[in-house]
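>>> With the sequence up front, the predicted model follows.
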Amino acid sequence: MKTTALGSPLSLNVLLVAALFAAVVFVAVTAQRIPVISNARIAMIALIVLGMTMCTMGGIGRVAAAGQWTHPLAIVGYVLGAAILVIAAGTVFGFKLPLIQSDTQAILTVAVLVGVKFANAVLHSFLARG
């Protein structure tokens, strides 16, 4: 029987993308401007691209490879991902969301939710091994 290698959320590639994610958050929150990230909307787009990259490498890609679509932690990941996308859409398209007053708050909220989603993926990875 052919087995599929499951990616780990703690792989070097995921951690490098996470470091780049953190750097973009730092640049956006401290209001520094670099040529590639000139405003909050561009920063949010970069964060979504980086977050989706991390998710495909160690999150949803792992769930798909293992066939664990209905695992409770996978469902938690879907809900977190949907919340992240709604907040990102609000920032990129300029509509206001309850409890989020500024673009900086939106970026920080997305960063925290991505951190929780990453922790969820790590926990799911450890539980799936057993």
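Great, that's in hand.

>>> From here on, just use CA atoms for contacts and neighbour counts.
Will do.

>>> Pick out the residue closest to the middle of this protein.
G51 (3.4 Å; CA atoms, centre = their mean).

>>> isn't that residue right up against V114?
Yes. Counting by CA atoms under 8 Å, V114 is a contact partner of G51 at 7.1 Å.

>>> Please work out the average pLDDT along the helix or strand where A74 lies.
Element membership of A74 [criterion: DSSP states H and E] is helix 72-93. Across helix 72-93, pLDDT averages out at 93.

>>> Which residues does that helix contact?
Contact partners of helix 72-93, identified using CA atoms under 8 Å, 6 or more residues apart in numbering, comprise 40-42, 44-45, 48, 60, 63, 68-69, 95-97, 103, 106, 110, 113-114, 117, 120-121, 124.

>>> Which of these are buried? Put it as a ChimeraX command.
Entered in ChimeraX, the line below selects the buried ones among those, by 16 or more other CA atoms under 10 Å:
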select :40,41,44,45,48,60,63,103,106,110,113,114,117,120,121,124
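
>>> Please narrow the contacts of helix 72-93 to those residing in strands.
Among those, DSSP state E puts none in strands.

>>> can you pull out the helices in the chain?
For the chain, the helices defined by DSSP state H cover 12-29, 40-58, 60-66, 72-93, 103-129.

>>> lowest-confidence stretch among those helices?
Minimum mean pLDDT among those: helix 60-66, a mean of 79.

>>> Name the residues of that helix that are buried.
Applying 16+ other CA under 10 Å to helix 60-66 flags I60, G61, R62, V63 as buried.

>>> Closest one of the residues you listed to S11?
R62 (12.1 Å; CA to CA).

>>> Check the gap between that closest one and A43 for me.
Distance, R62 to A43, by CA to CA, to the nearest Å: 27 Å.

>>> F26 versus the closest residue in space to K117 that isn't next to it in sequence, what's the distance?
In space, K117 comes closest to G77 once its chain neighbours are excluded; the distance is 5.9 Å by CA to CA, 6 or more residues apart in numbering. Taking CA to CA as the measure, G77 falls 24 Å from F26.

>>> Between the two, tell me which one has more neighbours.
G77 (23 against 14; other CA atoms under 10 Å).

>>> how much space is there between that one and A28?
From G77 across to A28, the span is 25 Å (CA to CA).

>>> Please consider this matter closed, and thank you.
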